[in-house]
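Peer 1: Next comes the sequence, and after it the predicted model I'd like to discuss.
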Amino acid sequence: MDQPKLPYVVFSRVDSPSLWVRFSIPGQGQKRVCLKTSNEEEAKRNAEYEYRRALWSAEQGTLPGKTSFDKVARQYLESAQLEAGRNPSKLSKVTADRGVLDRYMVPFFGRSPITAISVPKLHSYMEWRRSYWTSGPGTKEAHIAYERKGRRVIRPAQHIEATLSTLRREAVTMRSVFKHAVRLGYLKASDIPKIDLVAEERNKRPSFTDAEIAKLMEVAEQRLADVLVPQGRGKQSPSTWKGADGKDVVSSVSRVGYERMVLYCFIGIALETGMRPTELFNLDWGHIVGFKEERAKPISKQRIRILAYGKGKKPQQLVPNIEAFASFINLWEAFKTVHGREPRDDEPVFMNASGERAQSYKKSLNALLEAAKLKTDVFGQVRSAYSFRHTYATRQLRKGTDVYTLAINMRTSVRMIEMYYSDVVPEDLARQLEGSFD
């Protein structure tokens with residue numbers, strides 16, 4: 001009686017002392033596996049085991065070399081979401097990664113096996129991604145919908161090319177997916193494809209001259225006086241608005257007056273610390289080391305340190321210019337005036353009139369820059385809250401601060417300082433280069 005035909009074949013190879021097995025699995029192609037023995041009986045048992053294991057792995061989607069990119073991407077997001085549940089600080093990265101994967105990477109790579117994504121394929125993706133909004137699928141999209149704090153938000157789509165910094169940021173998401181594939185055994189670490197993103201031309205970052213800063217602060221003070229100084233005679237009625245808790249906020253200062261005071265102090269602190277906007281908005285009163293103790297000292301003796309939180313890193317201490325202290329005092333007093341008490345250590349330094357942590361001053365800062373006619377620099381580059389950080393760096397270098405000390409205090413690299421501020425000439429060298437009439 002004929003024996004039933006087996007779904008696999010045991011065979012020998014001239015280049016191997018061991019026996020091998022080959023079989024095909026629907027949708028997965030043919031597999032060849034070394035049985036690591038020359039004994040026929042043992043090889044038959046091993047062949048049966050390898051075949052059954054391959055069938056089970058294929059059903060689970062874990063058969064090495066055949067798992068698709070979209071499947072690994074979903075598994076990565078599930079794992080990252082669980083990790084974020086244990087560490088909420090990682091939730092924003094999960095949200096950003098999900099947006100990048102769902103909109104760009106999964107539609108492009110789709111069912112391609114994770115092992116089939118080569119360097120040429122990655123370069124093709126980068127070119128497709130770069131022009132996604134200008135000549136690709138994004139040209140047909142007028143709006144982008146996303147979720148923020150549990151609410152669905154819609155904003156207009158910007159039909160511009162992806163910048164190098166955007167591509168680099170999204171490349172981190174792609175590497176996270178490949179690393180997850182390695183952890184699951186779909187891929188060898190040595191097989192992760194590498195892509196080099198060529199640096200684009202660096203433009204000098206827009207900052208302010210000392211004269212422009214003086215003009216900006218003068219206009220800011222005038223706009224502040226316009227809403228703080230009573231315009232008529234007689235007792236002024238208190239201002240009232242709704243707080244974040246739904247209760248009325250009653251203050252002798254108007255809501256606009258409070259917000260302009262906070263913006264004024266925001267600019268002062270940004271100029272005297274060089275902090276990133278994100279770091280400023282993350283700042284709590286408890287992060288101002290020594291503030292309460294130093295307030296009682298004479299102005300010439302007041303010294304503080306700041307713990308900066310930003311870019312997903314651990315807090316890093318920085319040394320602010322001594323002029324920053326006055327802005328923190330003004331913010332402290334403004335809080336007391338509006339809320340009738342001193343701020344707690346866990347409350348934000350930059351708080352909106354409703355009592356919530358401020359997220360952006362883009363609208364009010366743009367209005368101030370427009371009023372001062374300083375929205376762009378002499379090269380036409382648009383200024384933003386980041387321009388105060390660049391101004392701080394420029395001032396420090398002109399003062400003679402060495403790039404190593406400055407890089408540490410600004411929480412950046414020497415390379416970045418040299419890349420963007422290499423044309424800044426310290427004042428003592430400027431005088432030497434200028435010469436004199438003597």
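Peer 2: The structure has been received and is ready for your questions.

Peer 1: Any regions of the stretch 51-200 of the chain where pLDDT drops low?
Peer 2: Scanning the stretch 51-200 of the chain for pLDDT under 70 picks out 57-66, 146-150, 198-200.

Peer 1: Let me see the ranges of the strands in the stretch 301-438 of the chain.
Peer 2: 305-308, 316-318 (DSSP state E, counting those that start in this stretch).

Peer 1: What are the buried residues along the longest one?
Peer 2: Same thing as strand 305-308. Buried residues in strand 305-308, counted by 16 or more other C-beta atoms under 10 Å: 306, 307, 308. To be clear about C-beta, it is placed using only N, CA and C from the backbone, and glycine gets the same treatment.

Peer 1: Equivalent analysis for stretch 379-394, please.
Peer 2: Using 16+ other C-beta under 10 Å as the test for burial, stretch 379-394 gives 383, 384, 385, 387, 388, 389, 390, 391, 392, 393, 394.

Peer 1: Dump those residues to TSV, plus distance to residue 255.
Peer 2: What follows is those, written out as TSV (distance: C-beta to C-beta, whole Å):
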residue	distance to residue 255
383	26
384	24
385	21
387	26
388	24
389	28
390	31
391	29
392	30
393	34
394	35
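
Peer 1: before we move on, back to that, any chance of the strands of the stretch 301-438 of the chain in TSV with distance to residue 358 and mean pLDDT as columns?
Peer 2: Shown next, in TSV, are those (distance: least, C-beta to C-beta, whole Å; pLDDT from 0 to 100):
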stretch	distance to residue 358	mean pLDDT
strand 305-308	16	94
strand 316-318	20	91
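
Peer 1: and the gap between the closest residue to residue 91 other than its chain neighbours and residue 405?
Peer 2: If the residues on either side of it in the chain are set aside, residue 91 comes closest to residue 84, at 4.3 Å by C-beta to C-beta, 6 or more residues apart in numbering. Distance, residue 84 to residue 405, by C-beta to C-beta, to the nearest Å: 36 Å.

Peer 1: Compare the two and say which is more crowded by neighbours.
Peer 2: Each of residue 84 and residue 405 has its neighbours counted (other C-beta atoms under 10 Å); residue 84 has more, 16 against 11.

Peer 1: Over to the more buried one. Which of the three states is it?
Peer 2: Three-state assignment for residue 84 (DSSP: H, G, I helix; E, B strand; the rest coil): helix.

Peer 1: what sits against it?
Peer 2: By C-beta atoms under 8 Å, 6 or more residues apart in numbering, the contact set of residue 84 is 90, 91, 93, 94.

Peer 1: give me the number of residues near the first one?
Peer 2: Applying the criterion other C-beta under 10 Å, we find 16 residues in the vicinity of residue 90.

Peer 1: I figured it was touching residue 83, is that so?
Peer 2: Yes - with contact defined as C-beta atoms under 8 Å, residue 90 reaches residue 83; the gap is 6.0 Å.

Peer 1: just the helices in the stretch 1-150 of the chain please.
Peer 2: For the stretch 1-150 of the chain, applying DSSP state H, counting those that start in this stretch gives helices covering 40-60, 69-86, 91-100, 106-109, 119-130.

Peer 1: any chance of these in CSV, with distance to residue 341 too?
Peer 2: Below are the helices of the stretch 1-150 of the chain laid out as CSV (distance: least, C-beta to C-beta, whole Å):
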stretch, distance to residue 341
helix 40-60, 59
helix 69-86, 34
helix 91-100, 31
helix 106-109, 50
helix 119-130, 50
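
Peer 1: just so I know, which of the ones you listed lies nearest residue 263?
Peer 2: With C-beta to C-beta, the closest approach to residue 263 among those belongs to helix 91-100: 25.1 Å.

Peer 1: Next, report how far that closest one is displaced from the centre of its chain.
Peer 2: Centre-to-centre, helix 91-100 and its host chain are 10 Å apart (C-alpha atoms, centre = their mean, to the nearest Å).
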